[in-house]
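*Asks:* could you work out the structure for the sequence below:
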Amino acid sequence: MSTNTLPRCKWAETHLDKPFYVDYHDQEWGVPVHDDRHFFEMLILEGAQAGLSWLTILARRDTYRAAYDNFDVQKIARYDEAKQQSLLADPGIIRNRAKVAASILNARAFIEIQKEFGSFDAYIWDFIGGKPVINHWKVMSDVPVSTALSDALSKDLKKRGMKFVGTTIMYSFMQATGLVMDHTTDCHCYPALSA
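*Replies:* This is a model prediction of the structure:
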């Protein structure tokens, strides 16, 4: 069976002509993450997505990695005004002043969480009870855009000083990092990730 004929979540089937999009669905979305660098990358990318499509952000992922020092949270926390201006001049990322400022603010808050809990990984998995939320949706229209859990996570991160961490962004972040598994039951990824 060709990889393009495998059954997938409907959102992934809309761009079968974009290998990076299909690969993201097949190999990353819904897979539990335990790496702080990856968590921070997804936090920044999900925040950058606000008001835009995920395809728009994912197409710029490599450019984001280059612009943001491969999402090295320690380096980003030290970004100064000159670095912010260079980011705002970079056509390869979303040049939104509030989102760029938030990425630096969020880096500093992320480091404080690491100090308090030992790692962001420990914080986030403890926040959801230590294991992924496995859902069994039949169709994408059943998948919520937020939940009580994403409400609580959003509220906690805002209290810790983060920006662009609203409940919808946080639910998307949870799906992206495998804290929540929302592949539909007809998707080829569902059996392995729901086991």
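
*Asks:* tell me the buried residues in stretch 177-186?
*Replies:* Across stretch 177-186, burial judged by 16 or more other Cβ atoms under 10 Å covers 177-184. (C-beta placed from N, C-alpha, C; glycine too.)

*Asks:* who touches the helix or strand containing Trp125?
*Replies:* Assigned by DSSP states H and E, Trp125 belongs to helix 120-127. Residues from elsewhere that reach helix 120-127, judged by Cβ atoms under 8 Å, 6 or more residues apart in numbering: 33-36, 39-40, 110, 113-114, 116-117, 131, 152-153, 156, 177, 179.

*Asks:* report the buried residues of that helix.
*Replies:* Neighbour counts using 16+ other Cβ under 10 Å place 120-125, 127 of helix 120-127 among the buried residues.

*Asks:* and the contacts of stretch 58-65?
*Replies:* Residues outside stretch 58-65 that contact it (Cβ under 8 Å, 6+ apart) are 18, 20-21, 24, 41, 44-45, 48, 57, 71, 90, 92-94.

*Asks:* ok, back up a step: got a quick PyMOL command for the buried subset of the contacts of helix 120-127?
*Replies:* Here is the PyMOL command that selects the buried residues among the contacts of helix 120-127 (16+ other Cβ under 10 Å):
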select buried, resi 33+36+39+40+110+113+114+153+177+179
